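Engineer: sequence and computational prediction follow.
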Amino acid sequence: MAIFILNTHCGFPSPDLSDSDGLLAVGGDLCPERLLAAYRMGIFPWYSHDQPLLWWSPDPRLVLYPDRFHLSKSLSRTIRRQIFNVTMDTAFPSLIRLCADSRLKNGQGTWITDDMIDAYCMLHDMGYAHSIEVWKQDRLVGGLYGVSLGGCFFGESMFSVESNASKVSLAALVHFARHHQLRFIDCQVRTRHLISLGAVEIPRSEFLIELKRGLRSETLKGKWCPLDMTDCQYRQKNQDLNLTN
């Protein structure tokens, strides 16, 4: 199957034309207009330092529906003990760089290049990209970031240097998503970690339908504020969510 070469126009070919690995197109740039157009079509950039800019729409797609989040007993205890403090949109540039640095330190490599950092910081300034930060005292020890459009949150990356810190950030995002009736959290591709937290794989065709429905909602632009996680615990237990060790 052919891989499309993008030009200065910010449009994309149909995601259905992606190859078997999900690769759809190469080239273009990371300007806000192109990035937002990509997310609205179920496409995202993913490449490394030694590659050109690559655009993907994998099949199947990994998504986390907020009501299916698996809150373990150990994570519930961690949240109740208030070991960490959760904020939102207070340290976006620092968090995205820590996501990149943590992957490099673990020998994983990273797609979060300097150009990607600049692009998502611009989306953050525009009110579309958001960070959930987890602090231990005055140290940023975990968190995640992504893009919000309509009733959809497109997760990009997370990091943790303290046990359970990234899980706490995801629990905070899920609680926020429920409160604001976000339809799903896009996790892009399968990982055992996210599967264990309740994410599921769905066909790309189903994902695109879900995306279309989610984009009908108003986008929650601007600075986000975290909700009380104590309330999160009470509501989750009374909604008979799956509690595992």
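Structural biologist: It's in. Numbers count the residues shown, from 1 in each chain.

Engineer: can you name the residues bridging to residue 63?
Structural biologist: For residue 63, the beta-bridge partners under DSSP bridges are residue 186, residue 200.

Engineer: use 34 as the first number for this chain going forward.
Structural biologist: Yep, numbering from 34; the last one is residue 96 now.

Engineer: that one: what's it in contact with?
Structural biologist: Contacts for residue 96 (Cβ atoms under 8 Å, 6 or more residues apart in numbering) come out as 217, 218, 219, 220, 232, 233, 234, 235, 240, 243. Placement of C-beta: from N, CA and C, glycine included.

Engineer: OK, contacts around the fifth one?
Structural biologist: Residue 232 makes contacts with 95, 96, 97, 218, 220, as judged by Cβ under 8 Å, 6+ apart.

Engineer: the same query, at a cut-off of 7 Å, please.
Structural biologist: Taking Cβ atoms under 7 Å, 6 or more residues apart in numbering, we find residue 232 in contact with 95, 96, 97, 220.

Engineer: how close does the third one sit to residue 242?
Structural biologist: Distance of residue 97 to residue 242, given as Cβ to Cβ, to the nearest Å: 17 Å.

Engineer: could you do the second one as well?
Structural biologist: In this view, residue 96 and residue 242 are 12 Å apart by Cβ to Cβ.

Engineer: tell me the centre residue of the protein?
Structural biologist: For the chain, residue 188 is the residue whose C-alpha lies nearest the centre (Cα atoms, centre = their mean; 0.7 Å).

Engineer: you'd agree that one is in a helix?
Structural biologist: No. Read with DSSP: H, G, I helix; E, B strand; the rest coil, residue 188 is strand and lies in no helix.

Engineer: select the longest strand from the chain.
Structural biologist: Longest strand in the chain, counting residues (DSSP state E): strand 172-182.

Engineer: quick one: buried residues of it?
Structural biologist: By neighbour count with 16 or more other Cβ atoms under 10 Å, strand 172-182 contains the buried residues 173, 174, 175, 176, 177, 178, 179, 180, 181, 182.
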